[in-house]
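K.L.:
coords below, sequence missing:
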């Protein structure tokens, strides 16, 4: 299945309520849903990575040593 990304202008019109979701084709609605799912997954993975990095004692030591050396 090929999904075409929704361009920024259309997203801005949609979010500003100048465009109603009924005016989107089923393909555009699906593309928008796919983009949202991908974004949520990416954000979840980034948050997990950041949380694990912050809680890693070795990384904290390296970070402190970098800051102290400046």
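P.N.:
Noted; the coordinates are in hand. It should be emphasised that the depicted structure is a prediction, and the values quoted were computed from it without experimental measurement.
K.L.:
how far away from the center of its chain is the lowest-mean-pLDDT helix or strand in the chain?
P.N.:
Lowest mean confidence among the helices and strands of the chain (mean pLDDT, DSSP states H and E): helix 57-69, at a mean of 80. Centre-to-centre, helix 57-69 and its host chain are 28 Å apart (C-alpha atoms, centre = their mean, to the nearest Å).
K.L.:
one more: stretch 4-23?
P.N.:
Distance, centroid of stretch 4-23 to centroid of chain: 17 Å (C-alpha atoms, centre = their mean).
K.L.:
give me the buried positions along that stretch.
P.N.:
6, 14 (16 or more other C-beta atoms under 10 Å). Every residue, glycine included, has its C-beta placed from N, CA and C.
K.L.:
give me the residues contacting that stretch.
P.N.:
24, 27-29, 31-32, 35 (C-beta atoms under 8 Å, 6 or more residues apart in numbering).
K.L.:
include secondary structure, neighbour count and pLDDT when you put those residues into TSV, please.
P.N.:
As requested, the contacts of stretch 4-23 are exported to TSV (DSSP: H, G, I helix; E, B strand; the rest coil; neighbours: other C-beta atoms under 10 Å; pLDDT from 0 to 100):
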residue	secondary structure	neighbour count	pLDDT
24	coil	16	85
27	helix	11	88
28	helix	15	86
29	helix	13	87
31	helix	18	89
32	helix	18	89
35	helix	14	90
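K.L.:
what distance do you get for residue 60 to residue 51?
P.N.:
13 Å (C-beta to C-beta, to the nearest Å).
K.L.:
SS state for the closest residue to residue 31 other than its chain neighbours?
P.N.:
For residue 31, ignoring the flanking residues on the chain, the nearest one in space by C-beta to C-beta, 6 or more residues apart in numbering is residue 3 at 4.9 Å. Per DSSP: H, G, I helix; E, B strand; the rest coil, the secondary structure class of residue 3 is coil.
K.L.:
quick one, what contacts residue 3?
P.N.:
With C-beta under 8 Å, 6+ apart, residue 3 has these contacts: 30-31, 34-35.
K.L.:
secondary structure element for the residue nearest the centre of the chain, which one?
P.N.:
Nearest residue to the geometric centre of the chain (C-alpha atoms, centre = their mean): residue 39, 3.4 Å. Under the criterion of DSSP states H and E, residue 39 resides in helix 26-55.
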